[in-house]
Structure formats: C-alpha cells, structure tokens
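model this:
(one chain, ligands or ions: 2)
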Amino acid sequence: MDELDQQQLHREMTAWRRDLHTHPEFGFEEKRTAAFVAEKLRAFGLEVAEGVGGTGVVGTLTRGSGNRAIALRADMDALRIAEQGTQAWRSRTPGTMHACGHDGHTAMLLGAAKLLASEGGFDGTVRFIFQPAEEWGRGALAMLQDGLIERFPFEEIFGLHNMPGLPIGHFETRSGPVMSAEDNFEIVLKGLGGHAARPHAGRETLVAACALVVNLQTIVSRRLSPADIGVVSVTELITDGTRNALPGLARVLGDCRSFRPQVSAAIEAEMRRIAEGTAQAYNVAAEVTYTREFVPLINDAALVDEALAAARTVLADDAVGVAVEPMTASEDFARFLTEVPGCFVFMGNGNSAPLHNPAYDFNDAGLLHGARFHAAVVRRRLGVG
Ligand SMILES: [Zn+2]
Ligand SMILES: [Zn+2]
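Ligands and ions are numbered 1, 2, ... in the order given. Modelled structure (predicted):
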C-alpha cells in the first residue's frame with residue numbers, strides 16, 4: 001500500500017470542497033454533487049452505488065478477510081439561504097448556499113476514502129454513505145427505506161459535524177443524548193370575522209390566539225418535570241384580519257425540541273389540551289396538527305469511547321474532549337442510530353460565522369483532521385490482527 005502525501009491530500013480536499021461550495025444543491029436535488037462523489041470514489045477504486053434513497057451514494061471498500069463492516073456518513077445538501085460571502089468559491093446558485101458545511105463533510109469523507117483505499121491498514125468492509133436531504137430530516141430515512149442496511153450491511157456508524165466556536169483541530173462528543181428531536185405544530189383557530197368596530201357581533205380569533213401563545217408557555221414551565229429538557233417555541237402568528245376587520249381565522253405555528261419520546265408525547269398532549277381549552281374559553285374552534293420531523297440523536301457509550309480514542313491517535317490529547325451539555329438542535333444522523341449503534345462527533349470550525357448564517361463558510365483548515373479521524377475510526381474498529 002502506498003502512503004499518501006497528506007499535504008497533497010489536504011490541497012485536493014480543499015479544491016473539492018470549494019468546487020462543491022460553488023455548486024450547492026438543495027435536499028434530494030444533489031445530482032451534480034452525487035455524480036461528483038461517485039466519480040471520485042470510482043477513481044479511488046471503490047465499488048459505488050448511486051441513487052440510493054433518491055440522490056444518495058454508497059461507496060464500499062474491503063480489505064483483508066474480516067467479515068465486520070462499519071459505516072462512515074457525510075451529508076451533501078445545501079440550504080435556501082442567499083450567501084453574503086465574497087470569497088472566490090462563493091455560491092453561483094442564487095438563493096442557495098452551503099451554510100451548514102456539508103460541502104466540507106463531503107470533501108472530508110472523500111478524503112478518508114482516498115486515504116483508506118491507498119493505505120489500507122484495516123481488515124473488513126467500510127461503507128461510505130453520502131446522504132441527501134439532511135436539513136429536511138428526510139434523507140437518512142429515504143436511504144433506509146431503499147434497503148440501505150440490507151443491500152450494504154454494516155454493524156455500526158460514525159459521522160461528524162463542524163462546529164463554529166470550537167477551535168480547529170478540536171473534537172468533542174458525549175454519550176447518550178447529544179442532539180434533540182424536532183417536532184413542528186400548527187394550531188388553527190376558527191371563529192367569525194367582522195367589523196373592527198363591532199367585536200361583540202362576531203367571534204374574532206386574534207385575542208384567542210394571543211392567549212393561546214401565552215398559555216403554551218406553561219407546557220415547559222408547569223407541565224414538564226424540571227429534570228426533563230423541552231423547548232416549545234411559537235414562531236408564527238398569522239391571521240386573515242386587516243386594518244379595520246377582525247380575523248375569523250388565526251394560525252399559530254411553532255417548533256418543539258426534546259430528548260425523550262415520552263417528553264415529545266407529553267408536549268403534544270398538553271398542547272392539544274391547552275388549544276382545546278383556550279378555544280373554548282374564547283368561543284372559537286381549534287384544530288391541532290403535530291408532526292415529528294427529527295428523532296433525538298443518542299450516542300452509544302462504548303462507541304463514544306472508541307471514537308474519542310481514535311481522535312486521540314490523530315490529535316493532541318487536550319484537543320479531544322467530552323461535551324458537557326446536549327444540544328437542542330437536530331440532526332438526521334440520528335435516524336441511522338435507530339438501526340445500528342454509533343457515534344456522532346463535533347469538530348472545530350474555528351471562529352467562523354454560525355451555522356445557517358449567510359456569511360458562514362466551512363474552514364478548510366479542518367479538512368485533514370476530519371479525514372484522518374474517519375480513517376482512524378476505521379483502523380481502530382476494523383483492526384488488523
Ligand atoms: Zn444545518
Ligand atoms: Zn448540518
């Protein structure tokens with residue numbers, strides 16, 4: 001096996017990352033990105049399957065005679081955000097940009113594939129999973145429903161996400177709950193609109209909607225156990241009223257986060273009760289739609305230890321740490337963890353703009369750390385001899 005020139009690999013990954021950044025694609029529309037990934041994987045000598053769960057790509061690399069298989073995963077999709085950056089590799093697709101660094105994740109996993117294909121150093125099978133539509137929380141499920149695990153079996157899975165604010169070359173994770181579930185809701189209040197001068201003649205919905213927004217604040221503060229983590233955020237209040245007409249219809253929309261299915265269920269039940277009761281108090285009707293978008297991300301304790309140990313083989317000891325708190329953001333990687341155990345890790349993106357910010361850009365200084373981390377996990381979990 002040839003030892004790869006790491007500086008050369010870093011230059012290549014930087015070029016790939018910037019190319020992907022220039023051509024961002026929204027979830028399930030990652031056609032160019034998927035073709036880019038497939039072409040590179042084939043050039044490295046991997047077996048490649050395209051069109052898995054829409055635009056997903058799976059690369060397979062086997063060395064030795066070991067019958068164990070592990071998966072490494074990256075996400076490929078961009079966001080509908082208009083980029084404000086002025087760098088030469090800024091998005092050429094108006095209104096779409098890689099504002100979450102999935103261009104970097106894809107480039108690092110390609111780098112790991114090249115590294116492992118060239119150097120080996122493991123015994124078994126590695127599945128390189130490039131998933132579509134992470135931001136929608138739909139891509140992982142689409143791949144699973146397309147027979148991902150039956151067609152490309154693996155026993156455990158690892159993934160990473162860049163983290164603005166964490167220094168370059170620093171890695172963090174924790175066992176158990178890491179990222180939250182995301183639920184969405186819409187409550188429609190229906191009454192009878194009418195003249196602004198004659199409220200008593202109708203059953204207007206705006207005052208009821210305001211009361212409902214306030215009442216929903218009691219779910220977390222008064223109904224959940226203080227030991228549980230939950231968030232209920234009302235994000236929109238829309239009515240069909242106008243300057244001199246009271247609304248007959250009001251829509252209250254929002255977003256909930258939690259780490260346990262029991263908490264998500266309790267939030268929904270309380271919300272339905274409060275919507276019903278508030279509507280009754282104001283003599284209007286309520287209709288509640290409650291949907292579950294992301295499942296909570298739960299890391300396997302033993303594989304967290306393994307991932308941290310792998311990170312310490314490529315980074316200084318004090319650059320690898322345990323994150324103190326779970327995060328109330330959500331991540332589609334969680335869906336894979338409902339099928340096999342695994343570990344999701346955060347890697348530093350330095351002092352960049354926040355994720356999903358129009359000025360964000362993935363920090364290329366981290367590319368080699370990510371690729372080497374992926375390779376180290378494989379060599380640790382599929383050790384030779
Ligand atoms: Zn994102
Ligand atoms: Zn992301």
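
mind listing the strands the least confident helix or strand in the chain by mean pLDDT pairs with, and their directions?
When the helices and strands of the chain are scored by mean pLDDT, DSSP states H and E, strand 320-322 comes last with a mean of 93. Partners of strand 320-322 in the sheet, by DSSP bridges, are strand 171-173 (parallel).

could you point out which element follows the partner strand?
strand 176-179 (DSSP states H and E).

picking that back up, who's in contact with the least confident helix or strand of the chain?
Residues from elsewhere that reach strand 320-322, judged by CB atoms under 8 Å, 6 or more residues apart in numbering: 170-174, 308, 311-312. Any C-beta I mention is one placed from the backbone N, CA and C, and that applies to glycine too.

out of those, what pair is the most spread apart?
For the contacts of strand 320-322, the maximum inter-member distance is 15.8 Å, found between Arg174 and Arg312 (CB to CB).

compare neighbour counts for these two and give me the winner.
Between Arg174 and Arg312, counting by other CB atoms under 10 Å, Arg174 is the more crowded of the two (21 against 15).

helix or strand for His21, which one?
Assigned by DSSP H and E, His21 belongs to helix 6-22.

how about Gly254?
According to DSSP H and E, Gly254 maps onto strand 249-258.

same question, Gln280
Following DSSP H and E, one finds Gln280 within helix 261-281.

looking at this, Leu308 is in a helix?
Yes: looking at Leu308 with DSSP: H, G, I helix; E, B strand; the rest coil, it is inside a helix.

doesn't Thr173 make contact with it?
Yes: counting by CB atoms under 8 Å, Leu308 does reach Thr173; the two are 6.9 Å apart.

ranges for the helices of the protein?
Assigned by DSSP state H, the chain shows helices spanning 6-22, 31-44, 102-119, 139-145, 148-151, 206-216, 218, 261-281, 301-314, 333-337, 367-381.

quick one: distance of the third one to the chain centre.
Here helix 102-119 shows a centroid-to-chain-centroid distance of 19 Å under the convention CA atoms, centre = their mean, to the nearest Å.

what does the first one give?
For helix 6-22, the gap between its own C-alpha mean and the chain's C-alpha mean amounts to 23 Å (CA atoms, centre = their mean).

pull the contacting residues for the residue most central in space within the chain.
Computing the C-alpha centroid of the chain and ranking residues by CA atoms, centre = their mean puts Glu331 first, at 2.7 Å. For Glu331, the residues meeting the contact criterion (CB under 8 Å, 6+ apart) are 134, 161, 179, 294, 297, 344.

ok, and the most crowded of these?
Neighbour counts for those, by other CB under 10 Å, peak at Leu297, which reaches 28 neighbours.

identify the bridge partners of it.
Bridge pairing for Leu297 (DSSP bridges) gives the partners Met179.

surely it meets Thr338?
No: with contact defined as CB under 8 Å, Leu297 and Thr338 do not form a contacting pair (9.8 Å).

on that earlier part again, off-centre distance for the strand holding Gly254?
On CA atoms, centre = their mean, the centre of strand 249-258 falls 21 Å from the chain's centre.

cool, and stretch 35-55?
Put simply, stretch 35-55 sits 22 Å off its chain's centre (CA atoms, centre = their mean).

residues contacting it, please?
Contacts of stretch 35-55 (CB under 8 Å, 6+ apart): 16, 19-20, 28-31, 33-34, 57-61, 76, 106, 110, 113-114, 117-118, 128, 130-133, 139-146, 148, 151-152.

cool, stretch 347-365 as well?
Applying CB under 8 Å, 6+ apart, the contact partners of stretch 347-365 are 13-14, 17-18, 21, 79, 81-85, 87, 97-101, 103-104, 160-172, 366, 369-370, 373.

equivalent analysis for stretch 169-177, please.
By CB under 8 Å, 6+ apart, the surrounding residues in contact with stretch 169-177 are 160, 163, 166, 259-260, 296-301, 304-305, 307-308, 311, 315-316, 319-324, 326, 343-348, 366, 369, 373.

ok, stretch 13-23 next?
32-33, 36, 40, 88-93, 97-98, 103-104, 106-108, 110-111, 361-362, 364, 367-368, 371.

the same query, at a cut-off of 7 Å, please.
32-33, 36, 89, 91-93, 98, 103-104, 106-108, 110-111, 362, 364, 367, 371 (CB atoms under 7 Å, 6 or more residues apart in numbering).

pull out the buried positions in that stretch.
Going by neighbour count (16 or more other CB atoms under 10 Å), the buried part of stretch 13-23 is 13-14, 16-18, 20-23.

out of the contacts of strand 320-322, which are buried?
170-174, 308, 311.

return the member of those residues nearest to Glu276.
Distance to Glu276 across the buried ones among the contacts of strand 320-322 (CB to CB) is lowest for Arg174, with 38.5 Å.

over to that closest one: give its phi and psi.
phi -150, psi 160 (degrees, to the nearest 10).

then Arg90?
Dihedral angles for Arg90 - degrees, to the nearest 10 - are phi -60, psi 160.

what sits closest to it if chain neighbours are left out?
Glu83 (5.3 Å; CB to CB, 6 or more residues apart in numbering).

try Glu287
Leaving out its chain neighbours, the residue that sits closest to Glu287 by CB to CB, 6+ apart is Val188, at 4.6 Å.

which residues does the one you found form beta bridges with?
Bridge pairing for Val188 (DSSP bridges) gives the partners Arg251, Glu287.

how close does it get to Ala209?
10 Å (CB to CB, to the nearest Å).

give the contact list for Gly111.
9, 13, 367, 371.

out of the residues you listed, give me the two with the largest separation.
Largest separation among the contacts of Gly111 by CB to CB: Leu9 and Leu367, giving 8.6 Å.
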